[in-house]
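Novice: how would this look folded up:
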Amino acid sequence: MIIKPMVRGSVCLNAHPAGCKKAVEDQIAYTKKQSASYAKNKAPKNALILGCSNGYGLASRIVAAFAYGASTVGVSFEKAGSETKWGPPGWYNNLAFDKAAEREGLFSHTIDGDAFSDEIKQSVIDAAKKKGMKFDLVIYSLASPVRTDPDTGIMHKSVLKPFGKTFTGKTLDPFTGELKEISAEPASDEEAAATVKVMGGEDWERWIKKLSEAGVLADGCITAAYSYIGPEATQALYRKGTIGKAKEHLEATAHSLNDFMKSFSGKAFVSVNKGLVTRASAVIPVIPLYLASLFKVMKEKGNHEGCIEQINRLFSDRLYRADGTIPVDSENRIRIDDWELSDDVQKAVDALMVQVTSENSEKLTDLAGYRHDFLATNGFDIAGVDYDADIERFDRI
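Specialist: Residues are numbered from 1 along each chain as shown. Okay, the predicted model is just below:
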């Protein structure tokens with residue numbers, strides 16, 4: 001079968017096995033090239049990546065393994081492809097990572113299941129004990145719309161809504177270039193609380209405490225959860241809405257985890273990352289217009305980064321510097337959104353966004369770059385892949 005992308009709104013419904021494999025291999029090649037200059041005296045030895053199959057989580061696993069030689073355990077919830085039906089991109093990404101690690105003699109163990117569950121937490125603990133591993137790095141990069149509380153059995157659903165009043169703003173269709181106005185009704189207290197349960201720090205804290213109690217965290221362990229702040233244009237819907245409330249909880253959790261981890265010299269951080277096209281961000285209204293404009297500006301300035309570039313910089317310039325220090329802001333957050341939120345970039349983006357119309361969006365913004373990144377998250381539009389070649393079966397890469 002010849003596979004072409006099946007796009008419905010802001011979601012790509014299928015994935016290309018060969019494209020996913022090549023995309024992972026490209027990220028590995030970039031990382032290996034960059035890592036020649038990295039300080040290795042503080043390198044991670046055993047890394048646990050929660051949400052390892054896509055975006056920032058996948059990039060983190062690649063950098064830990066292929067820049068620093070770390071053994072990695074990854075957790076993600078992906079439905080396997082069958083002989084006749086394609087799987088999700090994350091499943092193919094995991095296959096590609098595990099095969100590449102095996103070729104280089106790097107230990108990797110991928111666990112498929114609900115990372116919010118205590119059963120999967122126990123599976124990770126069992127795997128670590130079997131291997132004799134103690135994690136000195138735990139990355140928390142889960143992106144899910146729902147979470148079942150393991151204590152109550154209640155499933156909570158997150159929402160992307162503002163507080164107080166209806167939000168109205170413009171968004172951009174990456175395939176037609178059409179500018180549309182969208183609205184979101186304000187959230188109820190119940191919806192806000194549910195969003196915090198899903199996307200706040202409760203599960204992150206549960207992971208760290210269970211791993212610690214099981215004796216599989218190393219002295220000096222670093223844990224980092226990923227977050228986003230973004231520009232003023234997205235604040236009402238994002239940072240000042242229900243998602244922002246969850247992110248505030250995540251940041252508060254970092255402080256409480258720091259206190260908990262002092263007994264074994266551990267440290268917890270929230271890393272605020274750059275806005276990028278990921279499977280999670282692509283469904284957020286307003287973000288496509290902002291990102292297409294941001295990409296245009298940052299590429300012209302020569303400081304645009306994708307997931308793998310961002311995470312290489314996070315590891316080399318923040319987490320594992322030669323002097324052992326980890327630069328943070330006044331809230332103890334790691335900021336690698338610094339280039340995105342610099343005054344000169346934001347002023348240029350603001351000036352650009354007000355000029356964009358359906359007629360000129362392709363010319364004024366980097367809509368082509370946004371579209372490429374959107375497709376690439378599912379293994380399409382990857383250089384060097386023959387998309388006219390027949391795919392015989394979908395349960396392998």
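
Novice: low-confidence ranges in the stretch 251-397 of the chain?
Specialist: Along the stretch 251-397 of the chain, the parts satisfying pLDDT under 70 run over 279-283.

Novice: quick one: the strands in it, in order.
Specialist: 267-272, 334-335 (DSSP state E, counting those that start in this stretch).

Novice: count of neighbours near residue 265?
Specialist: Using other Cβ atoms under 10 Å, residue 265 has 10 other residues around it. The C-beta positions use only the backbone N, C-alpha and C, and glycine is treated the same way.

Novice: any idea how far apart the tips of stretch 232-245 sit?
Specialist: Start-to-end span of stretch 232-245 (Cα to Cα, to the nearest Å) is 16 Å.

Novice: coming back round to it: just say which of the strands of the stretch 251-397 of the chain is most tucked in.
Specialist: strand 267-272 (a mean of 23; mean count of other Cβ atoms under 10 Å).

Novice: partners of that strand in the sheet?
Specialist: Strand 267-272 pairs in its sheet with strand 217-227 (parallel), strand 334-335 (parallel), by DSSP bridges.

Novice: related to what we said a few turns ago, redo the strands of the stretch 251-397 of the chain as a markdown table? Include distance to residue 80.
Specialist: Below are those laid out as a markdown table (distance: least, Cβ to Cβ, whole Å):
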| stretch | distance to residue 80 |
| --- | --- |
| strand 267-272 | 30 |
| strand 334-335 | 34 |
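
Novice: tell me which of those sits nearest to residue 245.
Specialist: Proximity to residue 245 (Cβ to Cβ) singles out strand 267-272 among the strands of the stretch 251-397 of the chain, at 14.5 Å.

Novice: centre-most residue in the chain?
Specialist: The structure's the chain has its C-alpha centroid closest to residue 56; by Cα atoms, centre = their mean the separation is 3.2 Å.

Novice: do you know how far that one is from residue 46?
Specialist: 20 Å (Cβ to Cβ, to the nearest Å).

Novice: as TSV, the strands paired with strand 267-272 with distance to residue 115 would be great.
Specialist: Listed next are the strands paired with strand 267-272 as TSV, based on distance: least, Cβ to Cβ, whole Å:
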stretch	distance to residue 115
strand 217-227	13
strand 334-335	22
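
Novice: which SSE is residue 5 in?
Specialist: Counting by DSSP states H and E, there is no helix or strand that carries residue 5.

Novice: contacting residues for it?
Specialist: Residues in contact with residue 5 (Cβ atoms under 8 Å, 6 or more residues apart in numbering) are 12, 14, 16, 375, 378, 380.

Novice: list the contacts of stretch 263-270.
Specialist: 208, 212, 217-227, 250-251, 253-255, 257-258, 261, 326, 328, 332-334.

Novice: to clarify, my last question referred to stretch 192-207.
Specialist: Against stretch 192-207 from outside (Cβ under 8 Å, 6+ apart): 50, 115-116, 121, 138, 140, 142, 144-147, 149-150, 156-159, 163, 187, 223, 225, 242-243, 245-247, 249-254, 256-257, 260.

Novice: could you do stretch 349-364 as well?
Specialist: Stretch 349-364 is contacted from outside by 172, 176-179, 231-233, 289-290, 292-294, 296-297, 365, 367-368, using Cβ under 8 Å, 6+ apart.

Novice: how about a cut-off of 10 Å?
Specialist: With Cβ atoms under 10 Å, 6 or more residues apart in numbering as the test, stretch 349-364 has contacts from 170, 172-174, 176-180, 231-233, 286, 288-298, 340, 365, 367-368, 371.

Novice: how far is that stretch from where the chain is centred?
Specialist: Distance of stretch 349-364 from the chain centroid (Cα atoms, centre = their mean, to the nearest Å) equals 27 Å.

Novice: with stretch 258-267 instead?
Specialist: Per Cα atoms, centre = their mean, the centroid offset for stretch 258-267 relative to its chain is 25 Å.

Novice: for that stretch, list every residue counted as buried.
Specialist: Neighbour-count burial for stretch 258-267, with 16 or more other Cβ atoms under 10 Å as criterion, is recorded at 260-261, 266-267.

Novice: pick out the most distant pair among those.
Specialist: 260 and 267 (10.9 Å).

Novice: now, of the contacts of stretch 349-364, which are buried?
Specialist: By 16+ other Cβ under 10 Å, these give 170, 172-174, 177, 179, 231, 233, 286, 288-298, 340, 365, 367, 371 as buried.

Novice: just put the contacts of residue 5 in TSV and tack on distance to residue 86 and neighbour count.
Specialist: As requested, those are arranged in TSV below (distance: Cβ to Cβ, whole Å; neighbours: other Cβ atoms under 10 Å):
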residue	distance to residue 86	neighbour count
12	11	21
14	5	18
16	8	27
375	15	20
378	10	28
380	12	24
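
Novice: tell me the one of these nearest residue 127?
Specialist: Looking across those and measuring by Cβ to Cβ, the closest to residue 127 is residue 378, at 28.7 Å.

Novice: what sits against that closest one?
Specialist: Contacts of residue 378 (Cβ under 10 Å, 6+ apart): 3, 5-7, 11-16, 19-20, 23, 54, 86, 88-90, 92, 279.
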